[in-house]
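Asker: need a structure here:
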Amino acid sequence: MVLISALSYFNSRYWKLSPTIAMLLSGLVIAGAVALADSLGWPPAGRVRDLVQGIPFGTLVFDWLLSFLLFSSAMQIDVKLLFRKRLAVIAMTLLTTLITMLLLGGGFYGLLNWAGLPITWPLALLFGAIIAPTDPVAVLPMLQAARVPKTVETLIAGESLFNDGVGVVAFTVLVAATLPAAGEAAQTVTVLSTALLFLREMLGGLLVGALLGLAAILLIRQVPREENTRLTISLAMVVGGNALAQWLGVSGPVTVAASGLTLSALLQIWRRRAKQSGWLGSLSGDERRQLEDTRTRLFGFWQFIDYLLNAALFTVMAFEVLSLKVNTLLLLLAPAVIGLNLVARAIGVWLPVTLLKNRETFAPYTKRVMIWSGLRGGVTLALAFNLPDNPLRGTFLVLSYAVVVFSMLVQGLTLPTLAKKLKKTAQEDAAEGEPVT
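Answerer: Residues are numbered from 1 along each chain as shown. The predicted structure is shown next:
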């Protein structure tokens, strides 16, 4: 924590990087320093390594940390703009995620078999499900710095949040079918059973989450001057909602994301309207100020939670990868997988945007910004962490980490410059009467 704080200070004071990118670099620095000290024979470094590697991070990350990350993402979305772009968001959530997952899975299947690492099609598709989810928290500060239109920003954030949910459910279904827990038999995979499991996890999670968000806003309304109680209610939504989802047999991450989105939507509705009627009641000026304070504190609190959890996740993942044996073959496969991911993302974005261009109004250069803003981050690492033991687990971890590092450092650092350049070009073309895309 001391090292994370120190690196965070240097980033705020000197580096000026996106917080998520700074945390990725911090994780690499911390894990690398411990690994170097351990190789030099410093006993405390070895104890730190053993302590970190002895914690069951797979279960902790997937069952709990992932829910916190998705709730934080949901709380930061402008629901009003998201609703306006609902058709595009739904299309991109389903089509982009599915296309990306299938293309990544197919390419990964051919790549590994060509490299002499036999892999089945379901396992290759599982890798596609790990890589497909994007990270809205990482990309939003960069888009805001580049001053892209708010509609583009909301479209990217909404698509990222919902494709995270779809990716998590797809991962859960594929793991149950291909990599069962010890002592359990793999489930028989049929189109019907897969569809039913997917619908139960996804739709059940959405329904339970919406009800939780509604219950939370009613509770928050009853404690107008207790800010700490309101923050505690939001924490209880994540912890209790995740536990309830597991008990009901639906997706915990989807449940928590839906509850966060519902809570955010109701808070934003109250903020925008001076007076409400019906079941929402009416708000006095004092109540509106208190609600605005609650919204500000909730958003700030969950941004901080997201910051800390990403720092922990990136650090632990760096330890995990550094503990693996990375051979020459994996180093050669990493650039190929990174390129495959970029191609899959480009096709996955191009198709739905092209199909919807006559029904939706997209800002200029939307496709190009969306393709390059498909950063991979905490969700991808969380899914990779939760892989059960199997001969290819190390390969999946290393290649997933390579994709995350490339997307954060290369795409993330160049995205603001690219967005500003595309924005300027679009403005010049519009002034000259030329079409922009």
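
Asker: give me every residue that touches residue 124.
Answerer: 105, 106, 108, 109, 112 (CB atoms under 8 Å, 6 or more residues apart in numbering). Placement of C-beta: from N, CA and C, glycine included.

Asker: And these, which is closest to residue 10?
Answerer: residue 108 (37.1 Å; CB to CB).

Asker: From what I see, that closest one and residue 340 are in contact.
Answerer: Yes - using CB atoms under 8 Å, residue 108 is in contact with residue 340, at 7.0 Å.

Asker: More neighbours: which of these two?
Answerer: residue 108 (28 against 21; other CB atoms under 10 Å).

Asker: Tell me the pLDDT of that one.
Answerer: Residue 108 is assigned 96 on the pLDDT scale.

Asker: Endpoints of stretch 219-226, how far apart?
Answerer: Counting by CA to CA, to the nearest Å, you get 11 Å between the two ends of stretch 219-226.

Asker: For that stretch, what is the distance to the chain centroid?
Answerer: In terms of CA atoms, centre = their mean, to the nearest Å, the centre of stretch 219-226 is found 30 Å from the chain centre.

Asker: Show me which residues of that stretch are buried.
Answerer: If you call a residue buried by 16 or more other CB atoms under 10 Å, then stretch 219-226 has these buried ones: 220, 221.

Asker: Mind checking what secondary structure the closest residue in space to residue 267 that isn't next to it in sequence has?
Answerer: Closest residue in space to residue 267, ignoring its immediate chain neighbours: residue 295 at 4.8 Å, by CB to CB, 6 or more residues apart in numbering. Of the three states, residue 295 takes helix according to DSSP: H, G, I helix; E, B strand; the rest coil.

Asker: With residue 342 instead?
Answerer: helix.

Asker: Share the number of residues neighbouring the closest residue in space to it that isn't next to it in sequence, please.
Answerer: In space, and not counting its chain neighbours, residue 342 is closest to residue 371: 7.8 Å by CB to CB, 6+ apart. When neighbours are counted by other CB under 10 Å, residue 371 registers 18.

Asker: for the helix or strand harbouring residue 371, what is the average pLDDT?
Answerer: Using DSSP states H and E, residue 371 falls within helix 366-372. With pLDDT averaged residue by residue, helix 366-372 scores 90.

Asker: quick one: contacts of it?
Answerer: So helix 366-372 is contacted by 143, 148, 152, 155-156, 159, 342, 345-346, 349-350, 353, 411, 414-415, 418-419, 422, 437 (CB under 8 Å, 6+ apart).

Asker: Need the residues that contact the helix or strand following it.
Answerer: Toward the C-terminus, helix 366-372 is succeeded by helix 378-385 as the next helix or strand (DSSP H and E). Identification of contacts with helix 378-385 by CB under 8 Å, 6+ apart yields 57-58, 61-62, 65-66, 69-70, 129-131, 133-135, 137, 164, 167-168, 171, 309-310, 313-314, 316-317, 320, 396-397, 400-401, 403-404.

Asker: OK, contacts around the residue most central in space within the chain?
Answerer: Centre of the chain computed as the mean C-alpha position; nearest residue by CA atoms, centre = their mean is residue 135, 3.7 Å away. By CB under 8 Å, 6+ apart, the residues touching residue 135 are 20, 160, 375, 376, 377, 378, 379, 380.

Asker: and the gap between it and residue 374?
Answerer: Residue 135 sits 9 Å away from residue 374, going by CB to CB, to the nearest Å.

Asker: got it, and residue 230?
Answerer: From residue 230 to residue 374 the distance is 34 Å (CB to CB).

Asker: which of these two has more neighbours?
Answerer: Applying other CB under 10 Å to residue 230 and residue 374 shows that residue 374 carries more neighbours, namely 26 against 23.

Asker: The more buried one touches residue 133, doesn't it?
Answerer: No - the pair residue 374 and residue 133 fails to qualify as a contact (CB under 8 Å) at a distance of 9.7 Å.

Asker: shared neighbours of the two, anything?
Answerer: Joint contacts of residue 374 and residue 133 (CB under 8 Å, 6+ apart) do not exist.

Asker: Give me the phi and psi for the nearest residue to residue 212 once chain neighbours are set aside.
Answerer: Closest residue to residue 212 apart from its sequence neighbours, by CB to CB, 6+ apart: residue 259 at 4.0 Å. Backbone torsions for residue 259, taken as degrees, to the nearest 10, come to phi -70, psi -40.

Asker: what about residue 44, how many neighbours?
Answerer: 10.

Asker: What of the one 4 residues further on?
Answerer: Burial of residue 48, expressed as a neighbour count using other CB under 10 Å, amounts to 19.

Asker: wouldn't it be in contact with residue 35 here?
Answerer: No - distance between residue 48 and residue 35: 9.9 Å, which falls outside the contact criterion (CB under 8 Å).

Asker: measure residue 145 to residue 155 for me?
Answerer: Distance from residue 145 to residue 155, by CB to CB: 17 Å.

Asker: Compare those two (neighbour count), which wins?
Answerer: residue 155 (25 against 14).

Asker: Residue 389 versus the more buried one, what's the distance?
Answerer: For residue 155, the distance to residue 389 - CB to CB - is 39 Å.

Asker: same thing with residue 18?
Answerer: Distance from residue 18 to residue 389, by CB to CB: 34 Å.
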